[in-house]
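Trainee: I would like to see how this sequence folds:
(chains A and B)
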Amino acid sequence: MEKNSNIAEKTVHGMEKTAETMANTLLAIIDKLAGKESDLKLTFEDLTLDFGMMKAKLNGAIILDIVYSKEAETGAPSKASKTK
Amino acid sequence: MQIVTMMGQVIESGKVTLSTKNKESIEIIAVNKKIDVNLKDKDLIKDLVLSVRGGSKNISSTETVKESPKMVKAAKSMRETLIDTANELKQAGITITLSYKADVVATVGAHASAGISRLVTGTKAIEINSLPKLVELGIYIL
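Mentor: Predicted coordinates for the structure are as follows:
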């Protein structure tokens, strides 16, 4: 029983780490696309994931529309510092 | 365990495509512990490699000199991570091939058979199939 819960814990931890890495990669790509008014599409075709205890099949797409109107200005006094 | 090895073990089969501006940039095909990463957009790859290294394309030569030690340090750490990952992939029986426009540029892991490139990388688990294309993509951390 305890062994099973350990395996489940490890599986969840592995899934968390995988999601984190995927998110970091996406973040790097989004950062590079910022201000370019482009979109990012991640397509999955019969992607089979094996987490040991369970299997998952992914089909579909994730689309991120990126429209950054303006880059943040630096060095300019903020409104908060002007008004007391 | 490195995250690439973990992902290599988790992904059983299938295809993942990353597109930007309706243009395919990266295509990943996995079949039976063999993962092919096909790079299609050179500029995006160059940008990503630069961002991982901590550098930037649009900086002056003075800033480049200032940033050099930081970039060298980042490249060294990335090289060590890559070698560790390659050895782990070999042990796990997973092969990752890096292709650019359908030509194999590098092979990492179980099916890599490093020749002279072993003297540079220090491991049998990384095979450089096309050095000019690797440089063209801006991947010259080895």
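Trainee: From here on, just use CA atoms for contacts and neighbour counts.
Mentor: OK.
Trainee: quick one: the strands in the chain?
Mentor: You didn't pick a chain, so chain A it is. Remark: strands assigned in chain A by DSSP state E are A:39-50, A:55-65.
Trainee: meant chain B, my bad for not saying
Mentor: Using DSSP E, strands in chain B cover B:11-20, B:23-31, B:34-39, B:95-100, B:103-109, B:126-128.
Trainee: and the ones you listed, which is most packed in?
Mentor: Comparing the strands of chain B by mean neighbour count (mean count of other CA atoms under 10 Å in any protein chain shown), strand B:126-128 comes out on top with a mean of 26.
Trainee: which ones are touching B:N32?
Mentor: Counting by CA atoms under 8 Å, 6 or more residues apart in numbering or on different chains, B:N32 makes contact with B:12-13.
Trainee: Distance check, the residue of chain B found nearest chain A against A:G52.
Mentor: Closest approach of chain B to chain A (CA to the nearest CA) occurs at B:G14, with a separation of 3.9 Å. As judged by CA to CA, to the nearest Å, B:G14 and A:G52 stand 17 Å apart.
Trainee: Any regions of chain A where pLDDT drops low?
Mentor: A:1-4, A:7, A:11, A:14-15, A:17-19, A:21-22, A:25-26, A:29, A:32-38, A:66-84 (pLDDT under 70).
Trainee: swap the cut-off to 80 and go again
Mentor: The model of chain A has pLDDT under 80 over residues A:1-39, A:64-84.
Trainee: In PDB, list the C-alpha atoms belonging to stretch A:49-56.
Mentor: C-alpha atoms of stretch A:49-56 as PDB (Å, rounded to 0.1, in the frame of the first residue of the first chain):
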ATOM      1  CA  LEU A  49       2.500   9.600 -22.700                       C
ATOM      2  CA  ASP A  50       3.400   6.800 -20.300                       C
ATOM      3  CA  PHE A  51       3.600   7.800 -16.600                       C
ATOM      4  CA  GLY A  52       4.000   4.200 -15.400                       C
ATOM      5  CA  MET A  53       0.700   4.000 -13.500                       C
ATOM      6  CA  MET A  54      -1.300   5.500 -16.300                       C
ATOM      7  CA  LYS A  55      -1.200   6.300 -20.000                       C
ATOM      8  CA  ALA A  56      -2.500   9.400 -21.700                       C
END
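Trainee: Just give the number of residues close to the nearest residue in space to B:G14 that is not next to it in sequence.
Mentor: Nearest residue to B:G14 in three dimensions, chain neighbours excluded: A:L47, at 3.9 Å (CA to CA, 6 or more residues apart in numbering or on different chains). Counted with other CA atoms under 10 Å in any protein chain shown, residues neighbouring A:L47 total 20.
Trainee: Residues of chain B that sit close to chain A?
Mentor: Counting by CA under 8 Å from any CA of the partner chain, chain B comes close to chain A at B:3, B:6-7, B:9-22, B:47-48, B:51.
Trainee: I am finished for the moment; much appreciated.
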